[in-house]
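[1] below are the sequence and a predicted model; questions follow.
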Amino acid sequence: MKFNHRTLFLFCIFNLSLICYSNVYAESITLPSEQEINIEEYGSDKSKKHLLWLTSERGISGELQKTVLAISKQNDLHILMPDWHDSYFLEPSRSALSKIPKQDYKALIKHYTDKFNKLNEKLFIVASERAAGMTLTAAHQLQTENTNNIAGIILIAPYLQTQTPEIGKSVEYQEIAKHSNLPLYVFQAERSPRYVPLPQLIKALELGGSQVYTHVLKGVSGGFHARDKEDLNPLDVEARKAFPKQINNALSMLEFAETAPLKPLGSYEMVKAKKRLNRLKKVTLATPSLVLKDLKGKQHDLNDYHNKIVVVSFWASWCRPCIEEMPSLVKLKEKYQNDLEILAVNVREENEVINSFTKSMGINFPILKDSDSVITEAWKVYVYPSNFIVDKTGKLSYAATGAMDWQETEIESVVESLLN
């Protein structure tokens, strides 16, 4: 390990600050430009799953270090976090990351993709806020050079706008947002200005073919995982505690997602129904138990619905894709009536909230309450909406993540085949 004079002092201070932590290390790598980059390393490199954590323009805080350490420990992950700010002597600011040479940013990612590719081990990336654009750009360039080995990317509150939109005008996104083909998992806090335009961002990310999973953190403030504890509300605190498990769930989703063909910059088209249909897949899993009460207190048991096709749909009112999908489910029930039932499982919301959402939707199927998420966890649901099709014998036959158009010909053909 090599240190030059300008980084030696910083590394000494860093090591002293982490001396109370186990499995936390500091190293330095030298890029082709001869720029040395300080790296914080969490967990053991013996792990078969590696996470390159690319920080936001705010840099590395003590609270972020604690969060990353918890994620590493609870999930047995090997996490590498470059300290751009120390390496380039940057102050936290909106423009901080733009001062990093793009070739250096790409070279660092390539260093680790090459390293773990040789070991035949998977590398995932986390990119926060304004790091999202630089990360997607570097990944796209590496793919065009046939040197990519990125299994998927987690985006935390991604900022991919070209600029702050003027009042009354729509958000415009960077071109790279429309050309991403890697599987993506987006975490977005509800109490953030980036929450409202989130559906527009997801549509932009899907243009290049990316399979995008969205996780909205209801009632949670932006930066909950990295801000000082005194600045957090109770929901922020709970969200930080749950974050290690949620990261692990996100990695599990990305691990089995497919990478779409790469499209060159300047060449893309809207990816609509066909991409959604790719999410409806045959499964060979055992059917979990499902016994829940509806809004009137009546108990429903999945086992009581033999001789019918059952669509089990997990949803929440704060989930915009769930809202988009609900009318399609209503039409599905209208078409098949007594031959098909839909059990819509609401996750952790009160009756008042659920009723205010459903009263104008013309719901014609039971809304069940999973108040403690026990059923949701048993069905291993990590994305909303998530849909499962159970055949007449009670066998779990198909599963889908993300909002579906249930009137698409291909989907209806699946239903018809199960009916016959």
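    Happy to help now that I have it. Numbering: from 1, shown residues only.

[2] mind checking how far the spatially closest residue to residue 248 that is not a sequence neighbour is from residue 68?
    Among residues not flanking residue 248 along the chain, residue 75 sits closest, at 4.5 Å (Cβ to Cβ, 6 or more residues apart in numbering). From N, CA and C alone the C-beta is placed, and that goes for glycine too. Distance check for residue 75 against residue 68: by Cβ to Cβ, to the nearest Å, it reads 11 Å.

[3] what about the two, which has more around it?
    Set residue 75 next to residue 68 and count neighbours by other Cβ atoms under 10 Å: residue 68 wins out with 28 against 18.

[4] pretty sure that one belongs to a helix, no?
    Yes: assessed by DSSP: H, G, I helix; E, B strand; the rest coil, residue 68 belongs to a helix.

[5] buried residues in the helix or strand encompassing residue 110, which are they?
    Element membership for residue 110 (DSSP states H and E) is helix 102-118. Using 16 or more other Cβ atoms under 10 Å as the test for burial, helix 102-118 gives 104-113, 115-116.

[6] with stretch 363-370 instead?
    363, 365-370.

[7] for the buried residues of helix 102-118, give me a markdown table that also has pLDDT.
    Below are these laid out as a markdown table (pLDDT from 0 to 100):
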| residue | pLDDT |
| --- | --- |
| 104 | 97 |
| 105 | 97 |
| 106 | 95 |
| 107 | 96 |
| 108 | 97 |
| 109 | 96 |
| 110 | 95 |
| 111 | 95 |
| 112 | 95 |
| 113 | 94 |
| 115 | 93 |
| 116 | 92 |
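
[8] rewinding a little: same list, the buried residues of stretch 363-370, but as CSV with distance to residue 199 please.
    Converted to CSV, these look like this (distance: Cβ to Cβ, whole Å):
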residue, distance to residue 199
363, 22
365, 25
366, 27
367, 23
368, 26
369, 26
370, 25
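
[9] among these, which pair sits farthest apart?
    For the buried residues of stretch 363-370, the farthest-apart pair by Cβ to Cβ is 363 and 370; their separation is 16.7 Å.

[10] domains in the chain, by residue range?
    Residue ranges for the domains of the chain, per automatic domain parsing: 5-255, 274-419.

[11] of the ones you listed, which approaches residue 263 most closely?
    Taking Cβ to Cβ, domain 5-255 is the member of those nearest to residue 263, at 5.4 Å.

[12] which residues does stretch 112-124 contact?
    48-52, 80, 142, 147-154, 251, 254-255 (Cβ atoms under 8 Å, 6 or more residues apart in numbering).

[13] let's test this: mean pLDDT of the lengthiest helix in the chain, rounded?
    Taking DSSP state H as the criterion, the chain has its longest helix at helix 234-255. If you average the pLDDT over helix 234-255, you get 93.

[14] I'd like the numbering to begin with 57 instead of 1 from here.
    Sure, I'll start numbering at 57, so the last one becomes helix 290-311.

[15] what residues of it count as buried?
    Going by neighbour count (16+ other Cβ under 10 Å), the buried part of helix 290-311 is 291-292, 295-296, 299-300, 302-307, 309-310.

[16] and these as TSV, adding distance to residue 452?
    Output for those, formatted as TSV (distance: Cβ to Cβ, whole Å):
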residue	distance to residue 452
291	33
292	36
295	30
296	34
299	29
300	28
302	24
303	26
304	23
305	19
306	23
307	23
309	18
310	22
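
[17] hang on, the earlier thing: wait, doesn't the residue nearest to residue 304 sit right on residue 303?
    Yes: look at residue 131 against residue 303 with Cβ atoms under 8 Å: they come within range, at 6.8 Å.

[18] just how off-centre is the helix holding residue 166 within its chain?
    Mean C-alpha position of helix 158-174 versus that of the full chain (Cα atoms, centre = their mean, to the nearest Å) differs by 22 Å.

[19] surely residue 84 is in a strand?
    Yes: counting by three-state DSSP, residue 84 is found in a strand.

[20] before we move on, back to that, need the residues touching each of residue 131 and residue 124.
    Joint contacts of residue 131 and residue 124 (Cβ under 8 Å, 6+ apart) do not exist.

[21] that older thread, ok, of the buried residues of helix 290-311, which one's closest to residue 432?
    Taking Cβ to Cβ as the measure, residue 305 is the one of the buried residues of helix 290-311 closest to residue 432, at 11.4 Å.

[22] check contacts around that closest one.
    Residues counted as contacts of residue 305 (Cβ under 8 Å, 6+ apart) are residue 438.

[23] gap between it and residue 243?
    For residue 305 relative to residue 243 (Cβ to Cβ), the value is 11 Å.

[24] quick one: residues contacting residue 399.
    346, 356, 358, 361, 366-369, 421-422, 424 are the contacts of residue 399 under Cβ under 8 Å, 6+ apart.

[25] this completes my enquiry, with thanks.
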